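Colleague: Need coordinates for the following:
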Amino acid sequence: MSYWFEPQSVSLEVGGKPLTLETGRMAKQSAGSVVATLGDTVVLVTVNTAKPRPGIDFFPLTVDFVEKTSAAGKIPGGFFKREARLSDREILVCRFIDRSIRPLFEAGFRDEVQVTATVLAADGVNPPDIVAFYGASAALSLSGLPFRGPIAALRLGRVDGELVINPSHEQLKESTLELIVAGSRDALVMVEGSAAEASEAQMLEALQFAHREIQPVIDAQLDLQRRAGRERKKLATPAPDTELEAQVRGLAETKLAAAVRIEEKQARYDAISEIETDVVEQLSERYRNEAVPLESLAAIEARQSGLRQRVADTRQVLHDLRSELMRGRILDERTRIDGREPATVRPIACEIRPLPRAHGVALFTRGETQALVYTTLGSTADAQTIDALHERSSKTFLLHYNFPPFSVGEVRPLRGPSRREVGHGNLAERALARVMPAVEDFPYTVRVVSEVLESNGSSSMATVCGATLAMMDAGVPLRAPVAGIAMGLVEDGARHVVLSDILGDEDHLGDMDFKVAGTRTGITALQMDIKIAAVDWAVMEEALSQAREGRLHILECMERDSATQLPGFRERQELSDWAPRMEVVQVKPDRIRDIIGPGGRVIRGIQETTQAKVDVDDSGRVAIFAPDGEALRKAQGMIEELTQEAEIDRFYTGKVKRVTDFGAFVEIFPGTDGLVHISQLAEGRVERVQDVVVEGDEILVKCIDIDPSGKIRLSRKEALGDALAQADQAR
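Modeller: Next comes the predicted model:
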């Protein structure tokens, strides 16, 4: 019997919690299948492959992560009661698994691969994303695919100053650090996360700690692989076509060497494209001329297939030559594609309020990357509801990133946000979330939208900078401004150059993409992808230090430009003229009914009269959201009138609601009345209450007492006496 039908498992402790990886029990028809369990969270991960499609010149890898609500004992919300498209959270998990495993497949592998992680059980304590990662690496290691694994990952928190491995949901709420760190035996391969302004030294310490702690998980996977793994597929490595390479170099090297020195992106791309088109055409023509006469349909098809392969091989040699020339210039001359030195940041321009009407808006330009960023303020009713597996929560800070095709001069249909757009938006959101004011201090829902207008290197970090400016323009009291920078690396084993503010080509042809965002004090967000086997810790430390210098430079540029356009910009705390106004008032919970009224008539009346939104919760917190200050004051006055409390020695003009033998009940404001005893109606003896007041009379009264039960005693006699005394004094 095949091993695939004989369950095998390994177990170990990770962060003090039991982790089990099991294969051979579920989904046995997959090329690789692992059930990963941490605590009572269980995730099934499968790996399946298909033959490569003709003409594919990339690795078609798809990663899907699906949270089934049945795993948590819930029924999906909505009309259809069924899981629909992946949520943003699920997409983010797909991305961090994809980014970790993709560089570890052998170069030249073109089979279609799908990794599917399905949450089977969720305990509400251990997040299933890291469990899915364990399963994905183990399943790939068992599948026989040319995967240079296994690898492992963990989530790292810092609670009460101590680093915590795979913290629970509750611990994450108190953590000043949240990093997802993935690595191999020798090095890190992916990092993503946020921090409460951590220093570079603290961040490096956390990364080194995480790399040490993932090693036992790699050992466990190797043990499982030895017992249950399929033989790893070996790729046939074609012998290099030295003749083709020589022909390409002869036709293109000199021209390409000049083209890659063109500093402007579009002009450089046009020149490179023209060279590639010319070389492909010349070599294709040579191939056609060398072909023997055709005598059959099979021979014709073989020639066409050979021609297609010849074109593909030629383009690959041209790509490799272009990479060699660009990397060589950086390593030999320490000169970038656009002529900059390694640590130089491109020119920066910040425009505050380039457009009217928006609550807050900024245009941030760095070299050939440009982001137009809007900030919109809404009420608590505009908060996004997050329906997670175990809890429903509200999100009052949202950042959405859009990357239209015109930003890179391309043509493609506009559809919903791509996985890349979701991921880049989430990175920028995490960078800024750490400096957002508390909801209690700034009770608005804040939505930031970044429209990338041009892109040539890290539009996500441009979004961070633009969002800071746009929110400050709107009057959001950020704890500190945030800027971001993308770092790169080019190395050949003996030499290395760390690059600040990388271009798109330096990202594509380089060895690392390392994005760092933060304040003057420290780092608030981090994202790193490694494209080589290992990066030395000394190089990592150098990159973090150089990133800090670049970040501080960008912050200085932002502050300089904003201060020039709007004096006192950084110190401003008032809201933008276009921003709506909000006020929160606290009332006694038993007065909520007075605000809402029978069937909600009172609160609807307030909203219709003032055009303000009024939200009331069970604690008596009343949030008033109005389009302008006048509407806010009017709505607030109406609510205060409905909920005001009587005060001793205060005068009121009230209406007599009911007359009895012992006195009159007077309503001093809506919903609140008090008793004027017959002895307090007038000076001297009063025989009958009706001799002084009748129902419907408006009279001046004074509050003389409120007993512990809340009953109010009023006096008409004292109110009139005090009024006369004040009049005499005035005369």
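Colleague: The spatially closest residue to P216 that is not a sequence neighbour: which element?
Modeller: Excluding the flanking residues, the one nearest P216 by Cβ to Cβ, 6 or more residues apart in numbering is L12, at 5.6 Å. Yep, even glycine has a C-beta here, placed from its N, CA and C like the rest. Taking DSSP states H and E as the criterion, L12 maps to strand 8-14.
Colleague: Just the CA atoms of that strand, as CSV, please.
Modeller: Below are the C-alpha coordinates for strand 8-14, written out as CSV (Å, rounded to 0.1, in the frame of the first residue of the first chain):
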residue,chain,number,x,y,z
GLN,A,8,1.8,9.8,9.4
SER,A,9,2.2,12.7,11.8
VAL,A,10,4.7,14.7,13.8
SER,A,11,4.1,16.8,16.9
LEU,A,12,6.0,19.5,18.8
GLU,A,13,5.4,22.5,20.9
VAL,A,14,5.4,26.0,19.3
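Colleague: and the lowest-mean-pLDDT helix or strand in the chain, which residues are buried?
Modeller: Every helix and strand of the chain was ranked by mean pLDDT, DSSP states H and E. The lowest is helix 716-730, at a mean of 79. Using 16 or more other Cβ atoms under 10 Å as the test for burial, helix 716-730 gives 716-720.
Colleague: So what touches it?
Modeller: Helix 716-730 is contacted from outside by 651, 676, 679-683, 692-693, 699-702, 704, using Cβ atoms under 8 Å, 6 or more residues apart in numbering.
Colleague: buried subset of those residues?
Modeller: Buried subset of those (neighbour count, 16+ other Cβ under 10 Å): 676, 680-681, 692-693, 699, 701-702, 704.
Colleague: Show me which of the buried residues of helix 716-730 is closest to A388.
Modeller: A719 (58.5 Å; Cβ to Cβ).
Colleague: Give me the nearest residue to that closest one, chain neighbours excluded.
Modeller: Of all residues not flanking A719 in the chain, K702 sits nearest, at 4.0 Å (Cβ to Cβ, 6+ apart).
Colleague: Any idea what the one you found is bridged to?
Modeller: In this entry, K702 is beta-bridged to F651, S715, by DSSP bridges.
Colleague: Let me know whether it touches V676 as I believe.
Modeller: No - contact criterion Cβ atoms under 8 Å: K702 and V676 do not qualify, at 9.7 Å.
Colleague: Mind jotting down where the helices sit in the stretch 501-650 of the chain?
Modeller: 504-509, 537-565, 592-596, 601-610, 629-643 (DSSP state H, counting those that start in this stretch).
Colleague: Pull out the buried residues from the fourth one.
Modeller: The neighbour-count criterion (16+ other Cβ under 10 Å) identifies 602-603, 606-607, 610 as the buried residues of helix 601-610.
Colleague: just to confirm, which helix or strand has the residue nearest the centre of the chain in it?
Modeller: In the chain, the residue lying closest to the centroid (Cα atoms, centre = their mean) is N426, at 1.9 Å. Assigned by DSSP H and E, N426 belongs to helix 419-433.
Colleague: list the helices and strands the next helix-or-strand element following that helix packs on?
Modeller: Using DSSP H and E, the helix or strand that follows helix 419-433 in sequence is strand 445-454. Other elements packing on strand 445-454 under the criterion 3 or more Cβ pairs under 8 Å, 6 or more residues apart in numbering; DSSP states H and E are strand 369-378, strand 397-402, helix 419-433, helix 459-474.
Colleague: of all the ones you listed, which lies closest to R308?
Modeller: Per Cβ to Cβ, nearest to R308 of those: helix 419-433, 29.2 Å.
Colleague: ok and the closest one relative to strand 397-402, angle-wise?
Modeller: Here the directions of helix 419-433 and strand 397-402 differ by 140 degrees (axes from the mean of the first three to the mean of the last three Cα atoms, to 10 degrees).
Colleague: I'd guessed D338 sits against G504; true?
Modeller: No - here D338 lies out of contact with G504, judged by Cβ under 8 Å, at a distance of 10.9 Å.
Colleague: The residue nearest to P216 - how many residues pack around it?
Modeller: Using other Cβ atoms under 10 Å, L12 has 13 other residues around it.
Colleague: do the same with the one 5 residues further on
Modeller: Using other Cβ under 10 Å, K17 is surrounded by 14 other residues.
Colleague: go on, the one 4 residues further on?
Modeller: Residues within reach of L21, counting by other Cβ under 10 Å, total 29.
Colleague: Tell me what it is bridged to.
Modeller: V10, A36.
Colleague: That one touches A132, doesn't it?
Modeller: No - here L21 lies out of contact with A132, judged by Cβ under 8 Å, at a distance of 12.0 Å.
Colleague: list residues touching both of the two?
Modeller: A36.
Colleague: Which helix or which strand is home to V280?
Modeller: helix 265-290.
Colleague: Tell me which other helices or strands that helix touches.
Modeller: Against helix 265-290 (3+ Cβ pairs under 8 Å, 6+ apart) you get helix 242-259, helix 297-333.
Colleague: tell me the angle that helix makes with strand 445-454.
Modeller: 50 degrees.
Colleague: between helix 265-290 and strand 369-378, how big is the angle?
Modeller: Using the same axes, to 10 degrees, helix 265-290 lies at 130 degrees relative to strand 369-378.
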